[in-house]
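Engineer: Can you look at this prediction? I've put the sequence above it.
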Amino acid sequence: MHISVKPIAIMALGGVMLSGAAVYGQSAVVKISNFANGTSGWSVQRIDKKVKATVFSAKKIDGVSAVQAYSNNSMALLVKKTTVNLAKTPVLCWRWRVSRTMSAADITKKSGDDQAARIYIGLDLPRSAISFGTRVKLAAARSGSKTRIPDGVINYVWDNKLPVGTARPNVYTKQAKIIVMQSGNGAANKWVNERRNLAQDISRQFKTNAAKVESIAISSDTDNAGGSVTAAFADIHFTTANGKCQFS
């Protein structure tokens, strides 16, 4: 991928569409994905037309309705525009799996900024949480983009080597924060359930409690370090701070 395009890849996730909430017992659950019915409401976003796109397909994997992402020296996002009331449902839940991690990847370097699996959350941040210099850069980037570029992004990633719990800025832009949820191949080819308090992560990473979710995207990314990997994602939803994740 051309280096100049990558920051837009990380940030171009914006838009607004209200998600519905269901109630399970005493817990409100906001469903983001319903892959048993395919990928309606989701769209593939290519970042650089010179780089082939990751291929997304809805299918059942070990009995779980999911979207599979096959990346072979490729990059693309599968994006859903959404809003979520983080005051009521701050916890993000999802399931994912990978065939393997990318041995040549290194998210501390631009040349190695690849991940077997990522979930991106695009954010609308209050003006007070964005420096003047960053606002100028965002305005310049948005002037040349056909899609809205959010003010910030939280990336939950399955890395090849950094310790679980690592939190760091993306190598291209400090407005994209990376949090390592899984690392290495120990859980490869197995469904792994995740639960993360997104509101708390936003507060820690962007120093604000007033951010709004604009969009969610999934991806498998192998365009920099090269190689191929298959990932899958399922049961993406939000729940209350004390609510249980609802995995199928």
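Structural biologist: Great, that's in hand.

Engineer: which other helices and strands contact the strand ranked longest in the chain?
Structural biologist: Counting by DSSP state E, the longest strand found in the chain is strand 228-239. For strand 228-239, the contact count by 3 or more Cβ pairs under 8 Å, 6 or more residues apart in numbering; DSSP states H and E identifies strand 27-31, strand 64-72, strand 91-98, strand 115-124, strand 212-221 as packing neighbours. Yep, even glycine has a C-beta here, placed from its N, CA and C like the rest.

Engineer: Can you work out which other helices and strands pack against the last one?
Structural biologist: Counting contacts by 3+ Cβ pairs under 8 Å, 6+ apart, strand 212-221 is packed against strand 64-72, strand 77-81, strand 115-124, strand 228-239.

Engineer: again, but for the third one
Structural biologist: In terms of contacts (3+ Cβ pairs under 8 Å, 6+ apart), strand 91-98 is packed against strand 115-124, strand 152-159, strand 192-197, helix 198-206, strand 228-239.

Engineer: one more time with 7 Å
Structural biologist: Applying 3 or more Cβ pairs under 7 Å, 6 or more residues apart in numbering; DSSP states H and E, one finds that strand 91-98 makes contact with strand 115-124, strand 192-197, strand 228-239.

Engineer: Same question for the fourth one.
Structural biologist: Other helices and strands packing on strand 115-124, by 3+ Cβ pairs under 7 Å, 6+ apart, are strand 91-98, strand 152-159, strand 212-221, strand 228-239.

Engineer: Just the angle for that strand relative to strand 64-72, thanks.
Structural biologist: 110 degrees (axes from the mean of the first three to the mean of the last three Cα atoms, to 10 degrees).

Engineer: who does strand 115-124 pair up with?
Structural biologist: When sheet partners are counted by DSSP bridges, strand 115-124 sits next to strand 152-159 (antiparallel), strand 212-221 (antiparallel).

Engineer: so how far is that strand off the chain centroid?
Structural biologist: Centroid separation for strand 115-124 versus its chain: 2 Å, with Cα atoms, centre = their mean, to the nearest Å.

Engineer: Just the mean pLDDT for it, thanks.
Structural biologist: In this model, strand 115-124 has a mean pLDDT of 96.
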